[in-house]
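Asker: Sharing a model that was predicted from the sequence below.
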Amino acid sequence: MHRIRSMINVGAASFRQFDAHNRRLVAAFRERQDAARFTRPQRDLDRLARQGKMTVRERIDRLLDPATPFLELSSLAANREYGGEAPSASAVVGIGVVSGREVMIRADDPSVKGGAWYPLTVKKIVRALDIAIENRLPVIHLCDSAGGFLPLQHELFPDKQMGGRVFRNQAILSKYGVQQLSLVFGHCTAGGAYIPALSDYSVIVRGTGAVFLGGPPLVKAATGEVVSVDELGGADMHTSISGTCDYPARDEAHAIRIGREIVSQWKRPTKWAAQHETPEAPAYDPEELYGIIPDDIKKQFDMREVIARIVDGSRFHEYQPAYGTTLVCGFANIWGFKVGILANNGVLFNDSSLKGAHFIELCNQNDTPLVFLQNITGYMIGREYERRGITKDGAKMIMALSCSHVPKFTIMCNGSFGAGNYGMNGRAFDGRFMFSWPNHQIGVMGGEQAANTLAEVKANQLRRTGAEVDEAVLAQTRRETLKAYEDQMSAYYATSQIWDDGLIDPVDTRNALGMAISVSLNAPLGERGYGVFRL
């Protein structure tokens, strides 16, 4: 493969302008992320200290192997919800290495409402376990939760993707032979009691850990029985009488040591044989990404410059470079792993859609994982393109994508609008992981297009009724629509709703993809086959 020849002038005024803009965005992102991770009322920290408890991140740090990375997912989940009362959706999830094994870690945060589960907490946990299922990742649950946040129970209990899905996913993991360990540091109440009960192994801390379907107040209200926490669901009872838990621990540090010993006994997964070469750093500095990404979503840039700062040695074998030029396709290595890359260099036309569909088929033929770099305004519209069959050609790309049997990964590099989101492996298409940059925007269409479209619809409604078209009313419609769209299209709104697996610094993209690709190899490849391509 040839090294990409970068055309970027790092001394240009535009480069310096973009660099300053994106560094400000990343600094603001880091500030928000640090606040979500560490800023807590002192009274909550004091409460944990009185109980002899660590913070959730101290627990994770002790659990992980020293000097190994932790790929945290959805660190800014719920950042726009619940009045800011549930930072990170009151849970920490991520992928790390414990006793030499790649694992998914799912941890309640007892410094947020006693670890209570909000609706987005449940969504975050379900997504973490979906990832574990898709990638056959063992799971370690760090349990310390007061249970569901009752004022919002209607949003976290009854439907398919709500609380019950957590336990269903645990059962599916067990069916696939994927190990689970629960470390019970605090209360596992009501439905939460099933987490250690559905795990293969469980360790419970004496004095603070407890597992019960109903706590002492509920038991008294329902049956009149007066019982203490320890009698009802404490460590000694569950490890010597009920058998619900396996190991008692003196304190949290002891529980973590036992947990690491348990994980060290687990079989190591056999990864499927993806093509792999010796990893090599990019030839170009990844920090130059700050000067490549524009300061305006409407400004275009060459995605090859992004690829050059992500892939091994900045080498790239481009497929059909002279055809369908608004979609860049080709082969490269990330962390040594062979991947097929599809990256937007403009709107998707008929030729670029067909090129994308064919390239996806080639990667499936060759068992090559797919990486999508999104900066897409959509598929081209208009009479000429409809007559050429743009809808049909876009459907071919979606068919090839949907039926792929290789792992798929998406990076939201800039804009993601309309059906282009679908063809480029949007959230609905079962990608193993999706990460977004802080400049990312997403919507069914851009804010200005939506504002003008709705204003035109309103004007036509007035004309049909014979009413006068008031330009002031139309202008107000445009302003209100634009404001709503700008708010809902932001990367922070998307990640708050867990439409991705978290915001990342563009400089961290290579490492995030490397870890994601590595864990994806734990799961066998899917079944080969496609549906009907409309010719």
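Answerer: Nice, I can see it.

Asker: Can you give me the buried ones in stretch 490-504?
Answerer: Neighbour-count burial for stretch 490-504, counted by 16 or more other Cβ atoms under 10 Å, picks out 490-504. In this view, the C-beta of every residue, glycine as well, is placed from N, C-alpha and C.

Asker: Filter these down to just the ones in helices.
Answerer: Of those, the ones assigned to helices by DSSP state H are 491, 492, 493, 494, 495, 496.

Asker: got the contact list for the second one?
Answerer: Spelled out, that is residue 492. Neighbouring residues of residue 492 by Cβ atoms under 8 Å, 6 or more residues apart in numbering: 32, 76, 79, 80, 503.

Asker: follow-up on the earlier one: list just the nearest of the buried residues of stretch 490-504 to residue 56.
Answerer: Nearest to residue 56, judged by Cβ to Cβ, of the buried residues of stretch 490-504 is residue 502 at 16.5 Å.

Asker: And the closest one, how close does it get to residue 138?
Answerer: For residue 502, the distance to residue 138 (Cβ to Cβ, to the nearest Å) stands at 21 Å.

Asker: Show me where the stretch 251-400 of the chain has its helices.
Answerer: 252-264, 289-292, 303-307, 350-365, 383-388, 390-402 (DSSP state H, counting those that start in this stretch).

Asker: before we move on, back to that, can I get the buried ones among the contacts of residue 492 as something I can paste into PyMOL?
Answerer: A single PyMOL command selects the buried members of those (16+ other Cβ under 10 Å):
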select buried, resi 32+76+79+80+503
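
Asker: quick one: which two of the contacts of residue 492 are the most distant?
Answerer: Pairwise distances among the contacts of residue 492 were taken by Cβ to Cβ; the largest, 12.7 Å, belongs to 80 and 503.

Asker: now the helices: where do they sit in the stretch 101-250 of the chain?
Answerer: Under the criterion DSSP H, counting those that start in this stretch, the stretch 101-250 of the chain contains helices at 119-135, 163-175, 194-197, 216-223, 229-233, 235-237.

Asker: Which strands or helices does the fifth one pack on?
Answerer: By that I understand helix 229-233. strand 210-212, helix 216-223, helix 235-237 (3 or more Cβ pairs under 8 Å, 6 or more residues apart in numbering; DSSP states H and E).

Asker: Show me which positions of that helix end up buried.
Answerer: 229, 232, 233.

Asker: Model confidence for the second one, exactly?
Answerer: Per-residue confidence for residue 232 comes out at a pLDDT of 96.

Asker: Walk me through the regions of the stretch 51-200 of the chain where pLDDT falls short of the threshold, as ranges.
Answerer: Within the stretch 51-200 of the chain, no range satisfies pLDDT under 70.

Asker: can you pull out the strands in it?
Answerer: Listed in chain order, the strands found in the stretch 51-200 of the chain under DSSP state E, counting those that start in this stretch are 71-73, 91-98, 101-108, 139-145, 180-189.

Asker: Make TSV out of these and add mean neighbour count and distance to residue 213.
Answerer: Shown next, in TSV, are the strands of the stretch 51-200 of the chain (neighbours: other Cβ atoms under 10 Å; distance: least, Cβ to Cβ, whole Å):
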stretch	mean neighbour count	distance to residue 213
strand 71-73	23	29
strand 91-98	23	21
strand 101-108	24	17
strand 139-145	27	14
strand 180-189	27	8
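
Asker: Nearest to residue 372, out of these?
Answerer: By Cβ to Cβ (comparing all of the strands of the stretch 51-200 of the chain), the closest turns out to be strand 71-73, at 18.1 Å.
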